[in-house]
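Q: Model the structure of this input:
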Amino acid sequence: MEATAGKKILVVEDEQDIAQLVRHYLQKEGFRSVTAMNGIDALKKVKEEKPDLIVLDLMLPEMDGLEVCKHVRSTPDTAMIPIIMLTAKAEESDTIVGLELGADDYVTKPFSPKALVARVKALLRRIDRTASTGPAHYRYGALTLDPTRHEVSLDQQEVLLTAKEFGLLEHLLRHRGRVLTREVLLNAVWGYDYYGTTRTVDVHIRRLKQKLPLLEDAIVSVKSLGYKLKDSD
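A: Okay, here's the model as predicted:
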């Protein structure tokens, strides 16, 4: 049985048919699942159920998905929960807003339930793999990343990162000094053949620099290619 089996997924979707369909496919793959029909209920379920991952619709009654995402990310107990956002809006700006607020990934409606489940698996596998491979710690100046504990600290103060931010930082630290294209980073960190916009990487790099000012000059943009983390002094 796959390591991700048995993980609890919270599906936040106000269209009952879609919610039931997603839940059905998740349960077929061995996941446990719970549902919420609106934003207020979603925050209640996050607190009560402590899900391993949230599938979050953007357009919700009472409180929209962006507000739910913001609340989840601003609460220390829930800040690390991976979030895949569902959006019916195809405009790039809408997905970028979701990523800016801390969503790890997004799926645009209409979507294939099988493809969504594949992304759920990939995101959870990425977190598990980060904890079981590589050195015990990565150090970069005053920054320390602990893959086993899934913790990042700067000057011995813990900094909360989303699953994708953590994965991106870990990959940059592992390959410091090398130029990594956006496509390489998408494939390595998102864990599947990604067909979304490469702006996703830019958004997450920007968020890393905001949360970890040490990286402002350390992560260098290589024109037309991607990024590299400079070798530390």
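Q: Need the phi and psi values for residue 7.
A: phi -70, psi 150 (degrees, to the nearest 10).
Q: How about it: what's its closest non-neighbour residue?
A: residue 52 (4.1 Å; Cβ to Cβ, 6 or more residues apart in numbering). No exception for glycine: its C-beta is placed from N, CA and C like everyone else's.
Q: in this protein, which spans are strands?
A: Counting by DSSP state E, one finds strands in the chain at the ranges 8-12, 32-36, 53-57, 83-87, 105-108, 138-140, 143-146, 151-154, 157-159, 180-181, 219-222, 226-229.
Q: can you tell me which residues contact residue 33?
A: If a contact means Cβ atoms under 8 Å, 6 or more residues apart in numbering, then residue 33 has 8, 9, 10, 11, 22, 23, 26, 27 as its contacts.
Q: The same query, at a cut-off of 10 Å, please.
A: If a contact means Cβ atoms under 10 Å, 6 or more residues apart in numbering, then residue 33 has 7-11, 19, 22-27, 49, 51, 53, 55 as its contacts.
Q: hang on, the earlier thing: okay, now the residue nearest to residue 7: neighbour count?
A: By other Cβ atoms under 10 Å, 19 other residues sit near residue 52.
Q: quick one, which of the strands of the chain is packed in tightest?
A: Comparing those by mean neighbour count (mean count of other Cβ atoms under 10 Å), strand 53-57 ranks first with a mean of 27.
Q: Sheet-wise, list the partners of it with their directions.
A: strand 8-12 (parallel), strand 83-87 (parallel) (DSSP bridges).
Q: would you list these in CSV and tack on mean pLDDT?
A: Formatted as CSV, the strands paired with strand 53-57 follow (pLDDT from 0 to 100):
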stretch, mean pLDDT
strand 8-12, 97
strand 83-87, 90
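Q: can you list the ones you listed in JSON lines and add distance to residue 173?
A: Output for the strands paired with strand 53-57, formatted as JSON lines (distance: least, Cβ to Cβ, whole Å):
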{"stretch": "strand 8-12", "distance to residue 173": "29"}
{"stretch": "strand 83-87", "distance to residue 173": "23"}
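Q: What separation do you get for the residue most central in space within the chain and residue 139?
A: Here the mean C-alpha position of the chain is nearest to the C-alpha of residue 104 (Cα atoms, centre = their mean), at a distance of 2.4 Å. Computed as Cβ to Cβ, to the nearest Å, the residue 104 to residue 139 distance reads 25 Å.
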